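Starting from these lines, generate the structure:
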Amino acid sequence: TKDLLAAGAIAEAAEVAAAGLDLWRGPAFGDLADFAFAQSEALRLEAMRLETIEDLLEAELALGQHHHVVAELEMFVEEHPLRERSRGQLMLALHRCGRQADALGVYRAGRRQLIDELGLEPGKELQNLQQSILRDDPGLRVEPVELRMRRHLPAPATPLIGRRDEIDEVSAMLRDPSVRLVTATGPGGIGKTRLALQVAHELADAFVDGVFFVGLAELRDPDLVLPTLAATIGVEEVPDQPLAATLETHLTNRQLLLLVDNFEHVDEAAPLLGSLLKAAPGLKILVTSRSPLRIYGDHEYQVPQLALREEAVPLFAQRAHAADATFRLTERVAEEVCELCARLDCLPLAIELAAARVTEFTPKQMLSELPRRLELAVLGPRDQAARQQTLRAAIDWSLRLLPSAEQRTFTKLAVFVGGWATEAADAVCGGSSTQLTSLASKSLIKRHRPEPDRTRFDMLETIREYGLERFDHGPSPSKNAVRDEHARYFLALAEAAADELRGPDRMHWITRLEEERDNMRAALTYLLDKPIQEQPQTAETALRLAAALRFFWYKTGGATEGSAWLERTLAAAPAAPDVLRARALHSLGILAADRGDDVHALALCEESCELFRRAGEMAWVARSLNSQGGIARDMGDLARAERDLSESADIRRTLGDDRASLAIVLGNLALVALDRRDVARARDLGEECLEMTAKPDQWSPLQVLADVAVEEGDVDRAGELLRLALPLLRPLGAYRLVEYLETCAGLAAAMGKGETAGRITGAIDAALDEMAAQNVPADARMRERRLAPARESLGDERLEALQSEGRALTLERALDEVLGGILADSEAEY
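This is a model prediction of the structure:
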């Protein structure tokens with residue numbers, strides 16, 4: 001790996017490092033840990049593993065994947081704080097993400113730990129990196145076009161063979177000012193996605209707001225296309241506004257290319273694309289589908305087969321060499337491969353499946369082994385239906401060569417939607433890691449690594465369709481048993497995540513659920529579509545699953561979809577136990593509040609609270625009352641908010657078993673006290689909240705106490721608290737940074753720095769627009785109160801001009817202004 005990195009073969013280095021980590025089944029010599037001879041060898045192997053992880057991260061950084069590796073690096077550095085190489089990688093990744101202050105904070109934290117534990121200063125390399133970040137050294141940057149290309153498009157796993165003419169033709173169509181929508185059509189396996197990806201990569205510099213890949217292969221419901229598009233672009237729902245209107249507003253002034261892949265299963269959503277194009281003059285869309293969209297303005301491009309000798313044969317050779325490094329394309333073998341590719345209709349996927357078998361068959365043997373029906377397909381006209389028949393025959397041939405156990409596992413794996421983890425395959429299908437590795441080596445499934453120490457698998461849509469047909473033709477009891485296991489596995493995952501999403505590992509669990517979103521949808525659909533005689537039990541299971549996902553939908557901007565599932569499952573399970581229905585109603589209320597429907601949200605939470613009381617579930621009564629209090633505060637009913645939150649706190653104190661939940665309620669009570677200008681009570685509540693909150697979550701009471709200090713005019717205390725809160729809340733994302741900067745703007749106004757306050761609030765408003773979000777009414781009122789000194793000293797016109805100027809600042813630049821101004825020259829220790 002290190003030789004490849006040194007030689008500049010970055011993609012190959014990443015592939016080798018990932019493959020090496022795939023072989024790790026550690027810890028090394030786990031069963032022999034007590035024997036001296038094994039201990040030194042285990043330490044050596046562990047050191048090699050850590051170096052390989054760092055090699056992989058270095059390669060990913062060089063490939064422009066800094067946005068994607070920050071979370072991995074933060075976890076790695078936390079586990080291995082004295083490894084300077086990975087700390088430097090984290091600093092570089094943060095710097096390239098525009099987070100200079102955080103990068104320097106990582107250096108300071110490492111330096112303190114080295115001095116405290118070892119009495120050493122950081123090595124020269126890390127010191128030089130710190131100085132380069134302080135200078136904003138251009139040498140640390142990734143080339144801007146590459147940055148855009150890597151940020152929103154999946155990196156191709158292998159180089160594209162041929163297709164130069166097709167790339168140029170589709171690119172020319174999209175560069176034509178009169179062309180806004182292009183659909184690349186053709187049968188499954190002909191290479192539409194790979195061609196479109198290459199076009200998008202090469203056109204990225206023509207779209208100043210980037211190119212985005214929107215994968216729809218797993219969708220079957222046209223209504224899910226809109227939230228999928230919005231989530232990909234980073235647009236979240238806005239209260240009291242349809243998501244379509246929010247997305248159109250977001251796109252209106254942007255120059256952007258969408259690559260929408262696998263549209264054939266949701267073609268009823270085609271008018272949505274037309275509406276987006278009409279609303280956004282700078283938007284262009286490249287679609288892949290097995291058929292044209294048939295909407296106004298669509299320009300169809302029929303993807304041809306590969307050229308036989310110039311493209312199909314080299315593709316076979318490339319994939320064969322990847323399977324068997326000894327494979328050589330001699331003159332004789334080339335002729336056999338040529339005949340084989342012709343028989344496979346020059347379809348890329350069929351060629352890849354055949355090439356993966358070179359470890360078992362020579363090309364000459366493949367010609368005789370391929371079934372007769374494949375020859376019959378060649379004799380007919382080369383229309384799409386015939387080529388599709390050829391591909392299916394190639395898949396069938398590859399599958400029949402597998403041992404019977406692997407065939408059964410392959411067929412069962414088709415129930416997964418959007419991929420699966422090794423443990424999921426074991427639970428649902430009984431598929432071992434050895435079987436998965438074998439299937440991947442034959443190109444029937446794909447393996448990828450979302451994190452250095454975690455592997456996922458997926459199946460190309462064309463192959464999955466074939467697997468589903470085999471699955472659906474199996475005996476019903478067997479089919480239902482597999483799907484039942486699938487639903488049970490993802491219910492268990494969702495319920496485990498429901499608790500963890502409130503803890504310190506919340507970001508890890510959100511990522512896990514994001515990966516399994518389509519599997520969750522598939523499980524809910526299966527449970528709700530079961531025959532009526534089976535409905536009572538399965539509908540309750542669906543209700544449990546929908547309720548467990550509430551916090552995930554809330555955190556990821558999926559309030560509309562989550563509400564729809566909860567409404568369907570509640571309707572399907574009218575006789576479900578009170579506690580289960582109450583949890584679902586409470587979840588529905590939270591999502592209704594997130595959509596801005598506070599009246600309906602309050603009614604749902606009240607209904608759930610009554611059911612919880614009836615069942616004697618007092619912890620859930622407290623949780624529901626806390627939600628009611630928060631909603632009442634947003635509505636401006638502070639008396640109702642105080643009453644509900646106080647009762648919730650009393651119940652939590654009586655139960656005495658959940659300090660973290662009590663702390664949340666106390667934090668909300670402190671905000672109500674601030675709204676009522678009862679600063680002394682807000683301070684007491686904030687300090688009590690801080691005492692019982694675990695350190696990773698202390699950003700919340702620290703910020704509440706900073707709000708109190710701003711209200712009291714104690715600007716030194718407010719600054720100290722804000723400095724303590726920043727490293728704790730920064731990893732939690734843009735929304736928390738927005739809340740933090742609101743407090744900073746209030747502090748600036750209290751310090752008489754009205755111009756800073758104006759620019760910061762302008763940056764906040766721009767960020768909220770970018771996220772398609774807005775301040776809740778209670779927070780909007782608090783901002784106006786805090787800005788009153790700035791408005792009085794500057795006047796409305798000047799303040800609004802400063803806010804307009806501030807809209808050009810990113811949140812990171814606004815934070816830099818805060819750190820370099822109102823929070824300067826302080827190095828608080830906590």
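
From D499, how far off is R488?
18 Å (CB to CB, to the nearest Å). From N, CA and C alone the C-beta is placed, and that goes for glycine too.

Those two: which is more packed in?
R488 (15 against 11; other CB atoms under 10 Å).

Give me the residue ranges of the stretch 351-500 of the chain where confidence is low.
370-390, 452 (pLDDT under 70).

again, only this time at 50
Confidence mapping of the stretch 351-500 of the chain against pLDDT under 50 gives the ranges 372-384.

In contact with L501, which residues?
W509, I510, F551, F552, K555 (CB atoms under 8 Å, 6 or more residues apart in numbering).

for the residues you listed, which one is nearest A584?
Using CB to CB, F551 is the member of these that sits closest to A584, with 13.1 Å.

Give me the distance from stretch 451-464 to the chain's centre.
Relative to its parent chain, stretch 451-464 has a centroid offset of 15 Å by CA atoms, centre = their mean, to the nearest Å.

And for that stretch, what's in contact with it?
21-22, 24, 53, 56-57, 72, 76, 188-189, 217, 262, 349, 391, 395, 413-414, 416, 418-422, 425, 436, 440, 444-450, 467, 515.

Report how many residues lie close to the closest residue to S432 other than its chain neighbours.
In this structure, S432 finds its nearest non-sequential neighbour in D426, 6.9 Å apart by CB to CB, 6 or more residues apart in numbering. When neighbours are defined as other CB under 10 Å, D426 has 16 of them.

surely D426 meets L436?
No: between D426 and L436 there is no contact under CB atoms under 8 Å: 9.2 Å.

What about D298? Give its phi and psi, please.
phi -80, psi 130 (degrees, to the nearest 10).

ok, now which ones touch it?
Neighbours of D298 in contact, by CB under 8 Å, 6+ apart: L181, V182, T183, P292.

Where does the third one sit: helix, strand or coil?
This points to T183. Secondary structure, DSSP: H, G, I helix; E, B strand; the rest coil: T183 is strand.

quick check: domain ranges of the protein?
2-142, 146-302, 308-400, 404-474, 490-693, 703-820 (automatic domain parsing).

so which of those gets nearest N480?
domain 490-693 (8.3 Å).

how far out from the middle of the chain is that closest one?
22 Å.

Can you tell me how far the residue nearest to S432 is from E485?
11 Å.

Strands along this structure, start to end?
Residue ranges of the strands in the chain, as given by DSSP state E, are 181-185, 211-215, 256-261, 283-289, 298-302, 420-421, 446-451, 454-458.

For G754, which of those is the nearest?
Using CB to CB, the nearest of those to G754 is strand 256-261, at 36.1 Å.

Show the average pLDDT along the closest one.
Average pLDDT, strand 256-261: 95.

Can you show me the CA trace of it as CSV?
Taking Å, rounded to 0.1, in the frame of the first residue of the first chain, the C-alpha atoms of strand 256-261 are listed here in CSV:
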residue,chain,number,x,y,z
LEU,A,256,-26.7,22.4,-11.0
LEU,A,257,-26.7,19.0,-12.7
LEU,A,258,-28.8,16.1,-11.3
LEU,A,259,-27.9,12.5,-12.3
VAL,A,260,-31.1,10.6,-11.6
ASP,A,261,-30.4,6.9,-11.9
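
got the contact list for that strand?
153, 174, 192-193, 196-197, 200, 203-204, 206-207, 209-217, 229, 233, 273, 280, 282-288.

Please pick the buried ones from those residues.
Neighbour-count burial (16 or more other CB atoms under 10 Å) applied to these gives 153, 174, 192-193, 196-197, 200, 203-204, 207, 209-217, 229, 233, 273, 280, 283-288.

check contacts around the closest residue to P348 other than its chain neighbours.
The shortest distance from P348 to any non-neighbouring residue, by CB to CB, 6+ apart, is to G191 (4.3 Å). For G191, the contacting residues are R163, V303, L306, L347, P348, L349, by CB under 8 Å, 6+ apart.

what's the answer for A28, then?
E41, A42, L45, E46.

A497 too?
W509, R512, L513, A548, F552.

Rebuild these as TSV, extending it with pLDDT, distance to Q407 and neighbour count.
Below are the contacts of A497 laid out as TSV (pLDDT from 0 to 100; distance: CB to CB, whole Å; neighbours: other CB atoms under 10 Å):
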residue	pLDDT	distance to Q407	neighbour count
W509	89	35	21
R512	90	30	20
L513	92	31	25
A548	94	34	25
F552	90	35	22
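
Could I get the residues you listed in CSV, plus columns for distance to I764?
Listed next are the contacts of A497 as CSV, based on distance: CB to CB, whole Å:
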residue, distance to I764
W509, 28
R512, 30
L513, 28
A548, 33
F552, 26
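
Out of those, which is nearest to L527?
Looking across those and measuring by CB to CB, the closest to L527 is A548, at 12.9 Å.

and the gap between S624 and E805?
Distance from S624 to E805, by CB to CB: 44 Å.

Same check on R44?
58 Å.

same thing with A312?
In terms of CB to CB, A312 sits 58 Å off from E805.

With Q198 instead?
41 Å.

Kindly report the same for R454.
On the measure of CB to CB, R454 and E805 end up 44 Å apart.

quick one: the residue lying farthest from the centre of the chain from K364, how far?
Residue farthest from the centre of the chain, counting by CA atoms, centre = their mean, is R332 at 48.2 Å. R332 sits 9 Å away from K364, going by CB to CB.

Could you do G162 as well?
According to CB to CB, G162 stands 24 Å off from K364.

Which residues are in contact with the nearest residue to G806 once chain neighbours are set aside?
In space, G806 comes closest to G762 once its chain neighbours are excluded; the distance is 2.5 Å by CB to CB, 6+ apart. Taking CB under 8 Å, 6+ apart as the criterion, G762 is in contact with L802, Q803, S804, E805, G806, R807, L809.

remind me which residues of the stretch 701-830 of the chain are low pLDDT?
825-830.

I'd guessed R807 sits against A766; true?
Yes: using CB under 8 Å, R807 is in contact with A766, at 4.0 Å.

Looking at these two now, which is surrounded by more residues?
Taking neighbours as other CB under 10 Å, R807 and A766 compare with A766 leading, 19 against 15.

From E805, how far out is the more buried one?
In terms of CB to CB, A766 sits 11 Å off from E805.

Over to A103?
26 Å.

So which of these two has more stuff around it?
Set A103 next to E805 and count neighbours by other CB under 10 Å: A103 wins out with 23 against 14.

what does the model give that one for pLDDT?
91.

State whether it and I133 are indeed in contact, as I suppose.
Yes: at 5.3 Å, A103 and I133 qualify as touching, with contact defined as CB under 8 Å.

and for the two, which residues touch both?
M91, H95.

who touches R85 in this structure?
E54.

pretty sure L799 is touching E792, no?
No: when contacts are counted by CB under 8 Å, L799 is not listed as touching E792 (9.6 Å).

Among the two, which residue is more densely surrounded?
More crowded of L799 and E792, by other CB under 10 Å: L799, with 22 against 12.

Give me the buried positions along the longest helix belonging to the chain.
Looking across the chain with DSSP state H, the single longest helix is helix 36-62. Residues 42, 49-62 are the ones in helix 36-62 that count as buried (16+ other CB under 10 Å).

which two in these are spaced the farthest apart?
A42 and A62 (30.7 Å).

before we move on, back to that, can you list the contacts of L501 in a markdown table and add distance to A750?
Listed next are the contacts of L501 as a markdown table, based on distance: CB to CB, whole Å:
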| residue | distance to A750 |
| --- | --- |
| W509 | 38 |
| I510 | 35 |
| F551 | 35 |
| F552 | 38 |
| K555 | 32 |
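
Now intersect those with the helices, please.
Using DSSP H, the contacts of L501 in helices are W509, I510, F551, F552, K555.

ok, the closest residue to the fourth one other than its chain neighbours - contacts?
The reference is to F552. Spatial nearest neighbour of F552, excluding adjacent residues (CB to CB, 6+ apart): L513 at 4.7 Å. Residues in contact with L513, defined by CB under 8 Å, 6+ apart, are L493, A494, A497, M520, L549, F552, T556.

Send over stretch 562-572 as CSV, restricted to the C-alpha atoms.
The C-alpha trace of stretch 562-572 is given here as CSV (Å, rounded to 0.1, in the frame of the first residue of the first chain):
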residue,chain,number,x,y,z
GLY,A,562,-42.3,9.3,8.8
SER,A,563,-45.8,10.8,9.4
ALA,A,564,-47.2,8.8,6.4
TRP,A,565,-45.9,5.5,7.8
LEU,A,566,-47.1,6.2,11.3
GLU,A,567,-50.6,7.1,10.0
ARG,A,568,-50.7,3.9,7.9
THR,A,569,-49.6,1.7,10.7
LEU,A,570,-52.0,3.3,13.2
ALA,A,571,-54.9,2.8,10.9
ALA,A,572,-53.8,-0.8,10.3
